[in-house]
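Q: When you get a sec, could you give me coordinates for this:
(one chain, ligands or ions: 2)
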Amino acid sequence: MSQKYAAVKGMNDLLPPDIAVWQHVERTARKTLLRYGFHEIRTPIVEDTALFVRSVGEGTDIVGKEMYTFDDKGGRSITLRPEGTASAARAYIEHAMHQKEAVTRWFYMGPMFRYERMKTGRYRQFYQLGVEAYGVAEPAQDVEVMECVMHWLQELGLKDVKLQVNSLGDETCRPAFAARVKEYFEAHREQLSPDALETLSKNPLRLFDSKEEALKPLIAKAPILFDSLDDASRNHFTEVTRQLSMLGVPYELNPRLVRGLDYYTRTVFEFIAADPVLGTASAVGGGGRYDNLISELGGPKTPAVGFAMGLDRLALLLNGRSDALQHRPDLFLVSVDAAAHDEVMRLARSLRHQGLAVEFDARAGSVKSQMKRADKSRAMYALVLGEKELAEQKGNLKPMREELPAREVQLEDLARVLKGLG
Ligand code: ATP
Ligand code: MG
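A: Numbers count the residues shown, from 1 in each chain. Ligands and ions are numbered 1, 2, ... in the order given. Reported below is the predicted structural model:
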């Protein structure tokens with residue numbers, strides 16, 4: 001008996017026709033990011049486990065519960081990347097980018113892996129597009145990356161995504177705030193789950209990022225970091241919000257926004273889409289400033305800011321447009337007999353070399369079944385070739401969409417006509 005295989009739980013096949021939405025999202029991203037001067041990098045899908053533990057942070061859900069970690073055959077601990085910033089930072093340092101240029105602007109796209117409880121918009125292999133800008137400490141950099149995402153979302157026609165911003169302060173003011181938060185939650189210990197108690201002992205600020213419903217009322221009354229920001233962080237944040245307004249980028253302040261990773265300093269932001277197709281997974285992306293990460297990983301002190309967008313969730317938001325995004329061949333060639341089939345193959349080859357998208361059924365078969373394939377292919381036109389057409393070297397272009405006119409065409413003129421020049 002043969003074994004039935006299925007994809008690993010939480011990991012999806014992306015197939016046509018749905019893939020068209022993904023390609024649209026990626027194409028639009030590449031086009032938009034190039035306008036901003038971000039350049040693509042591709043890093044390995046695995047890294048040393050220690051890189052993620054050190055950068056993402058020990059107290060986070062990602063490191064604590066969600067990483068795919070294993071020993072390779074050489075006994076090294078390896079982890080499937082759960083996010084992209086750590087890998088990019090590692091590459092930035094490894095390639096001594098700071099010696100090559102004062103400012104480095106990268107983006108990456110690819111699969112990430114987290115062992116999470118699955119639901120709509122939450123998978124174990126998912127895809128992110130991320131941007132990292134290194135070397136600029138000024139608020140204008142935070143603003144430019146946020147504005148860049150809004151631009152991309154606008155190009156995608158996603159107008160209902162909200163930008164939320166907050167400041168987490170930095171190493172000078174955060175410890176005192178963390179102590180106040182700890183004190184606050186300690187005073188309400190009896191309302192905390194065992195999980196929450198553990199977070200409280202490891203990293204109290206993480207409690208703001210908890211997905212436990214029961215914690216929400218407590219979080220709502222907790223102290224707000226903004227009140228404890230020192231002057232430098234406060235000025236930075238004030239300037240960020242001023243510049244967002246100056247550019248007309250709509251945003252909301254969310255004083256409870258902390259994000260799920262430890263490396264952020266000062267600005268953090270998130271993109272929220274309140275669309276029911278996302279279920280509870282309403283954050284389509286997020287990011288922030290991380291001025292200490294590069295130095296903590298052994299590089300020179302380098303300010304940086306970036307974001308990561310979840311492509312699975314963007315694809316869910318755009319699924320309704322899948323139809324309009326499907327590829328349409330210019331022509332589907334149909335043969336009546338074996339001699340015509342040779343001509344179909346020859347003609348298809350020639351037209352394809354002239355830049356046209358042309359399909360035919362390699363099985364030949366009945367005209368009826370070929371026409372069915374033509375219809376399924378979504379081609380603009382079909383052209384049936386038989387003895388008469390070969391003899392006269394002309395045929396009838398049959399429109400497969402009502403709004404196109406039918407017309408007779410010399411075979412030698414086909415390319416010109418299909419290109420709309422004849
Ligand atoms: P969430 O709060 O939804 O768990 P997160 O804070 O863990 O998100 P980040 O690590 O900041 O998310 O990743 C950025 C984006 O990547 C998220 O906003 C989301 O769109 C996407 N993402 C994160 N985890 C998953 C997942 N398991 N499946 C699908 N998309 C994901
Ligand atoms: Mg998460």
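Q: contacting residues around Ile210?
A: Wrong residue type there; residue 210 is Ser, not Ile. Residues near Ser210 by Cβ atoms under 8 Å, 6 or more residues apart in numbering: Ala196, Thr199, Ile219. Heads up, the C-betas are built off the backbone N, CA and C, glycines and all.
Q: So which of those is the closest to Asn319?
A: Ile219 (32.3 Å; Cβ to Cβ).
Q: What score does that closest one have for pLDDT?
A: Ile219 carries a pLDDT value of 91.
Q: tell me which residues of whichever strand or helix holds it are tucked away?
A: Assigned by DSSP states H and E, Ile219 belongs to helix 216-220. Within helix 216-220, the residues that qualify as buried are Leu218, Ile219, counting by 16 or more other Cβ atoms under 10 Å.
Q: With just CA atoms, put it into PDB.
A: Extracted in PDB, the C-alpha atoms of helix 216-220 (Å, rounded to 0.1, in the frame of the first residue of the first chain):
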ATOM      1  CA  LYS A 216      -6.500  43.100  28.200                       C
ATOM      2  CA  PRO A 217      -8.300  45.100  31.000                       C
ATOM      3  CA  LEU A 218      -5.200  45.000  33.100                       C
ATOM      4  CA  ILE A 219      -3.000  46.200  30.200                       C
ATOM      5  CA  ALA A 220      -5.400  49.000  29.500                       C
END
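Q: Could you list the buried residues of whichever helix or strand comes after that helix?
A: Per DSSP H and E, the first helix or strand lying C-terminal to helix 216-220 is helix 231-246. Neighbour-count burial for helix 231-246 flags Ser233, Arg234, His236, Phe237, Glu239, Val240, Thr241, Gln243, Leu244 (criterion: 16+ other Cβ under 10 Å).
Q: can you tell me how far the nearest residue to the first one once chain neighbours are set aside sits from Leu414?
A: Using Cβ to Cβ, 6 or more residues apart in numbering and skipping the chain neighbours, the partner closest in space to Ser233 is Gly169 (4.6 Å). Gly169 is 67 Å from Leu414, where distance means Cβ to Cβ, to the nearest Å.
Q: try Ser210
A: Remark: distance between Ser210 and Leu414 (Cβ to Cβ) = 63 Å.
Q: Can you name the residue of the stretch 301-422 of the chain nearest ligand 1?
A: Taking Cβ to the nearest ligand atom, ligand 1 has its nearest neighbour within the stretch 301-422 of the chain at Gly310, 2.1 Å off.
Q: pretty sure that residue contacts Arg114?
A: No. The pair Gly310 and Arg114 does not pass the contact test of Cβ atoms under 8 Å, sitting 11.1 Å apart.
Q: ok, back up a step: any chance of the contacts of Ser210 in a markdown table, plus distance to ligand 1?
A: Listed next are the contacts of Ser210 as a markdown table, based on distance: Cβ to the nearest ligand atom, whole Å:
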| residue | distance to ligand 1 |
| --- | --- |
| Ala196 | 16 |
| Thr199 | 15 |
| Ile219 | 14 |
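Q: Same list (those) but as JSON lines, adding distance to Arg206.
A: Output for the contacts of Ser210, formatted as JSON lines (distance: Cβ to Cβ, whole Å):
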{"residue": "Ala196", "distance to Arg206": "9"}
{"residue": "Thr199", "distance to Arg206": "5"}
{"residue": "Ile219", "distance to Arg206": "11"}
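Q: Centre of this protein to the edge, which residue is at the far end?
A: Ala391 (53.4 Å; Cα atoms, centre = their mean).
Q: phi, psi of that one?
A: Main-chain dihedrals, Ala391, degrees, to the nearest 10: phi -60, psi -40.
Q: Find the helix or strand that the residue of the stretch 51-200 of the chain found nearest ligand 1 is a member of.
A: As assessed by Cβ to the nearest ligand atom, ligand 1 sits closest to Phe126 within the stretch 51-200 of the chain, at 3.3 Å. Per DSSP H and E, Phe126 falls inside strand 125-134.
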